[in-house]
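> 3D model of this:
(one chain, ligands or ions: 1)
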Amino acid sequence: MKPIPYGRQSISEEDINTVIEVLKSDFLTQGPKIGAFEEEFAKYVGCKYAVAVANGTAALHLSALALGVNKDSRIITTPITFAASANCIRYCGGKVDFVDIDPVTGLLDMDRVRNLLEKSPLGTYQGIIPVDFAGFPLNLEVLRSLADEYGLWIIEDACHAPGGHFVDSRGVQQFCGNGNYADLAIFSFHPVKHIACGEGGMITTNSKELYEKLRILRTHGITKDANLMNENHGGWYYEMVDLGFNYRLTDIQAALGMSQLGRAVESVEKRTKIAEIYDKAFHGNEEIRILNPMAGRSQWSYQYGHAYHLYVILSNRRKELYDYLKKNNIHAQIHYIPLHLQPYYQQFGWSKGDFPMAESYYNECLSLPIFPSLDENEQQYIIENVLRFSENID
Ligand SMILES: *Cc1c(COP(=O)(O)O)cnc(C)c1O
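Have a look, this model is predicted:
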């Protein structure tokens, strides 16, 4: 068996041809593909506005800036996420406060968030960055009402979850990043994510004000909009009204993203099928537990649409399992090493023992390969190896 990675992009002939077309056109960057991709993506997640940026990390950074994060800000996030979810606060000089996870879902534990807010003086926290970890959507309706009580904004880190949804209390499907509950949501188009641009990111929102701010911040804080400028000297004239960055996406990347977006629904379906086969294979196994909150719970299947970026299993012989799979050419991955234990974050006073749920999750978690082009033979090979390992308890 040739090496199987935990995640992999799928590139079609059509993807390739779309990119070639851009290379032959007049615009490599800031051409017509950016706006078209933004419009299509907004439609896909069901929000009003979308801003394409250079990558998911840039999306987080600009979101934090647009919401006014500065050195006096304190923001809540989860320790089980990619570093960028917290780093964006540090880029703006703010303080990151982690809250432990719910071991059933792997997501930020909203009861613990409530406890923290209740025992802190009102106004201590300005915002919260939940993550739809592994592609399982956080119930943002619940988080929104909590956030409103304490005056917090929400940035939904939906990098794992384009196409995921939860059903709100009125029975309405709420797609990740649709802007109905979060102020801003962000996505990544790194090749291991659902939609690949090489590098790329998107910010989605229903707020026109934030949308306009983000568009200016994406390109140096420069505008040519007559309504926003103090003067106008002629056709060449622009004003730099804020301190922004060059966080633009190229037309080459946008064209690839748009072509990929055309298969996004089908890709989530393929991921779901793969997950269901894993669920069945590991159901009831004493050694291998499944993190998937959907597995075997029919009420969850009604309430949630999992986007299956990751398929996580838990084992108390995780390191041996990781090594065993690797020896057999299966490149599983660990998501994630708890952020509060990274040396950079430990310097702010976090240490081992602070978040027992996140830490015990980390000791046991392993992400099995899941991506649309994973074929049946490969998946059977993975399952056989995991089961062979699990039966071999000496
Ligand atoms: C991938 C990812 C990011 C960062 O996206 P990049 O495009 O790699 O910068 C942020 N948050 C989460 C949860 C991610 O998985």
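
> Quick one: residues in contact with the helix or strand Ala59 falls within.
In the assignment (DSSP states H and E), Ala59 maps to helix 56-66. Residues from elsewhere that reach helix 56-66 (Cβ atoms under 8 Å, 6 or more residues apart in numbering): 51, 53, 75, 84-85, 87-89, 91-92, 94, 129, 155, 157, 159, 184, 186-190, 193, 201-203, 210, 213-214, 217-218, 245, 247. Where C-beta positions appear, they are placed from N, C-alpha and C, glycine not excepted.

> next one: stretch 255-274
The contact list for stretch 255-274 (Cβ under 8 Å, 6+ apart) reads 10, 12, 14-15, 18-19, 21-22, 33, 36-37, 40-41, 44, 52, 135, 162-164, 189, 194-198, 200, 249, 306-309, 311, 370-372, 374, 379.

> tell me how far the ends of that stretch are from each other?
By Cα to Cα, to the nearest Å, the extent of stretch 255-274 from end to end equals 28 Å.

> Pull out the buried positions in it.
Residues 255-261, 263-264, 267-268, 270-272, 274 are the ones in stretch 255-274 that count as buried (16 or more other Cβ atoms under 10 Å).

> Give me the most central residue, this structure.
Cys159 (1.8 Å; Cα atoms, centre = their mean).

> SS state for it?
Classification of Cys159 using DSSP: H, G, I helix; E, B strand; the rest coil returns coil.

> and the gap between the residue of the stretch 1-150 of the chain found nearest the ligand and Lys95?
Residue nearest to the ligand within the stretch 1-150 of the chain: Gly56 (2.4 Å; Cβ to the nearest ligand atom). The gap separating Gly56 from Lys95 is 22 Å, by Cβ to Cβ, to the nearest Å.

> Among those two, which residue is more densely surrounded?
Using other Cβ atoms under 10 Å, the more surrounded residue of Gly56 and Lys95 is Gly56, with 26 against 14.

> quick one on the thing from earlier: the residue nearest to the centre of the chain reaches Ile186, doesn't it?
Yes - counting by Cβ atoms under 8 Å, Ile186 is a contact partner of Cys159 at 6.8 Å.

> what helix or strand does the residue lying farthest from the centre of the chain sit in?
Relative to the C-alpha centroid of the chain, counting by Cα atoms, centre = their mean, His233 is the outermost residue, at 42.8 Å. According to DSSP H and E, His233 maps onto no helix or strand at all.

> Report pLDDT for it.
pLDDT for His233: 95.

> for the protein, which spans come out with low pLDDT?
393-394 (pLDDT under 70).

> Around the ligand, which positions in it sit nearby?
Residues of the chain lying near the ligand by Cβ under 6 Å from any ligand atom: 55-57, 81-82, 84-85, 131, 157, 159-160, 188, 190, 201.

> could I get these as CSV with distance to Asn292?
Below are the residues of the chain next to the ligand laid out as CSV (distance: Cβ to Cβ, whole Å):
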residue, distance to Asn292
Asn55, 28
Gly56, 23
Thr57, 27
Thr81, 18
Phe82, 20
Ala84, 24
Ser85, 21
Val131, 16
Asp157, 20
Cys159, 18
His160, 13
Ser188, 22
His190, 23
Gly201, 26
